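Student: below are the sequence and a predicted model for it; my questions follow.
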Amino acid sequence: QTFEAKLLHIESRMRKKSKDDLPELEFFMRCEVQRADLDVFISSLKRVAGDVRSMPEEKRTDLILFPSNLTSFLQGYDDSEYRKRRAEISELAFTYKQGDPLPTVEYTAEEISTWRQIYQQLRSIYPTSACSQFLDSLQQLEDECGYGEARIPQLRDVSAFLKEKTGFQLRPAAGLLSARDFLASLAFRVFQCTQYIRHSSSPMHSPEPDCCHELLGHIPMLADKEFAQFSQEIGLASLGASDDDIEKLSTLYWFTVEFGLCKQNGEVKAYGAGLLSSYGELVYALSNKPEHKPFNPEETAVQPYQDQTYQPVYFVSESFEEAKLKLRKYSANIKRPFAVRYDPFTCSMEVLDHPSKVQRALSQMRQDLKTLQNALEKLSSS
């Protein structure tokens, strides 16, 4: 409270070396704090805790899916009113419990004005820059879900729309999550979504996710069935994966779902949310300035990325189907002690750790194939 530090993540684990051989826990905390207060903040913590060590952000790349150093999170943090407002909105996510109605936010005139500026600017270049799936879904969102310049859509309405289209549902998030937690959510067709908006001083770019990034970048693509399945398969591949594989999968996510390009009708179009919510980088990515490489999961998973400026390299897929097939092949080589299967009827995950479970899954697949075969036969005879 004294330093107005914001706790973003906390995790506990067994201490590797405990004193007197007694079981102890150590806690890792990730905080936002003003850079000028950082040294005093650490010193104050040491007065109330016996062993406090600070770790630079770049040393924990495994923790953050959208990696960024401390200064990235200070956008608008010299504005006390913005900090207060963002904390109020984030509190809705902190107090949310599964099964509760998704919280609504009464956005201010200034927040709606920021949204309007972003929406107008991006909407003007989407027809020539965005992939057809994005354009089709955005049109549906405008027709059915209140998308437009006049208001910021509410998560409750958007989640109901997505549920009907692809089975994805939204969950409010206060900020960044660990890569493992975020990817695991995708496995269950749940997308973690922030509700605060970027600072009005920088409407065309934000170093961290905000509602413009989520609602304009991610949601239209998640309303496409093929892309929704692609996103879920990245999440499914993460379940039970090692920390090293999680880092590679989060990098794959970065260069596909966030900054991916694809070919359509002989032209390169954007499908990544980081591009579709950033006017400057969208124009840059489609120019001849950066390097364009064919999407290859093995190469993409170890490609260094930029989180402070535009990417020097973007990966181009021939189609979503091609990207999905390549990802499946890559995921098959991830070593895990078990296999999983998502049950869309119960929205649960089944661990296939016994022959009888595999047999039941195969039986269901045979029934589905029989239904499709019958449908083809009826179409052929009509």
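Tutor: Happy to help now that I have it.
Student: which stretches in the stretch 101-250 of the chain count as helices?
Tutor: Here the stretch 101-250 of the chain has its helices, by DSSP state H, counting those that start in this stretch, at 109-129, 132-144, 155-165, 179-187, 211-212, 219-222, 225-238, 243-253.
Student: now do the fourth one and helix 243-253, the angle between them.
Tutor: Okay, so that is helix 179-187. With axes from the mean of the first three to the mean of the last three Cα atoms, to 10 degrees as the basis, helix 179-187 and helix 243-253 are set at 60 degrees to each other.
Student: quick one: distance of helix 179-187 to the chain centre.
Tutor: Between the centre of helix 179-187 and the centre of its chain there are 8 Å (Cα atoms, centre = their mean, to the nearest Å).
Student: now the angle from it to helix 225-238?
Tutor: Between helix 179-187 and helix 225-238, the angle comes out at 140 degrees (the same axes, to 10 degrees).
Student: quick revisit: most tightly surrounded among the helices of the stretch 101-250 of the chain?
Tutor: Ranked by mean neighbour count, these are led by helix 219-222 with a mean of 27 (mean count of other Cβ atoms under 10 Å). For every residue, glycine as well, the C-beta is placed using N, CA and C.
Student: circling back to that earlier point, out of the helices of the stretch 101-250 of the chain, which comes closest to Leu7?
Tutor: Ranking the helices of the stretch 101-250 of the chain by their distance to Leu7 (criterion: Cβ to Cβ) puts helix 179-187 first, at 15.3 Å.
Student: before we move on, the earlier item: turn the helices of the stretch 101-250 of the chain into TSV, columns for distance to Ile42.
Tutor: What follows is the helices of the stretch 101-250 of the chain, written out as TSV (distance: least, Cβ to Cβ, whole Å):
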stretch	distance to Ile42
helix 109-129	34
helix 132-144	44
helix 155-165	36
helix 179-187	25
helix 211-212	32
helix 219-222	39
helix 225-238	33
helix 243-253	26
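Student: now for those helices, which one comes closest to Leu362?
Tutor: helix 225-238 (18.0 Å).
Student: remind me what the longest helix along the chain packs against, helices and strands.
Tutor: Longest helix in the chain, counting residues (DSSP state H): helix 355-381. Where contact means 3 or more Cβ pairs under 8 Å, 6 or more residues apart in numbering; DSSP states H and E, helix 355-381 is packed against strand 348-351.
Student: could the helices of the stretch 101-250 of the chain be laid out in CSV, adding distance to Ser287 and mean pLDDT?
Tutor: Compiled in CSV, these are given as follows (distance: least, Cβ to Cβ, whole Å; pLDDT from 0 to 100):
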stretch, distance to Ser287, mean pLDDT
helix 109-129, 11, 95
helix 132-144, 19, 96
helix 155-165, 31, 96
helix 179-187, 30, 91
helix 211-212, 22, 92
helix 219-222, 22, 96
helix 225-238, 24, 92
helix 243-253, 23, 92
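Student: who wins for proximity to Tyr82 among those helices?
Tutor: Tyr82 sits nearest to helix 109-129 of all the helices of the stretch 101-250 of the chain, at 9.5 Å, using Cβ to Cβ.
Student: so Lys269, which state does it fall into?
Tutor: With DSSP: H, G, I helix; E, B strand; the rest coil as the basis, Lys269 sits in strand.
Student: just for the protein, where's the confidence low?
Tutor: Along the chain, the model assigns pLDDT under 70 to residues 14-23, 50, 56-77, 307-308.
Student: Lys84 is nearest to which of the helices of the stretch 101-250 of the chain?
Tutor: Closest to Lys84 of these is helix 109-129 (Cβ to Cβ; 13.4 Å).
Student: which strands and helices sit next to the closest one?
Tutor: Judged by 3+ Cβ pairs under 8 Å, 6+ apart, helix 109-129 is in contact with helix 132-144, helix 211-212, helix 279-285.
Student: for the helix or strand where His9 lies, which strands pair with it and how are they oriented?
Tutor: Using DSSP states H and E, His9 sits in strand 6-14. Sheet pairing here is set by DSSP bridges, and for strand 6-14 it gives strand 25-32 (antiparallel).
Student: buried residues in the strand it pairs with?
Tutor: For strand 25-32, the neighbour count (16 or more other Cβ atoms under 10 Å) marks 30-32 as buried.
Student: just the residues contacting stretch 137-148, thanks.
Tutor: Stretch 137-148 is contacted by residues 119, 126, 130, 153, 157-158, 161, 165, 215, 219-221, 223-224 when judged by Cβ atoms under 8 Å, 6 or more residues apart in numbering.
Student: just put these in a markdown table and tack on distance to Leu8.
Tutor: Converted to a markdown table, the contacts of stretch 137-148 look like this (distance: Cβ to Cβ, whole Å):
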| residue | distance to Leu8 |
| --- | --- |
| Tyr119 | 28 |
| Tyr126 | 32 |
| Ala130 | 31 |
| Pro153 | 25 |
| Asp157 | 27 |
| Val158 | 24 |
| Phe161 | 29 |
| Lys165 | 31 |
| Leu215 | 21 |
| Ile219 | 23 |
| Pro220 | 27 |
| Met221 | 26 |
| Ala223 | 29 |
| Asp224 | 31 |
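Student: and those residues, which two are the farthest apart?
Tutor: Greatest spacing in these, by Cβ to Cβ: Ala130 and Asp157 (21.9 Å).
Student: so how far is Ala301 from Glu32?
Tutor: Glu32 is 29 Å from Ala301, where distance means Cβ to Cβ, to the nearest Å.
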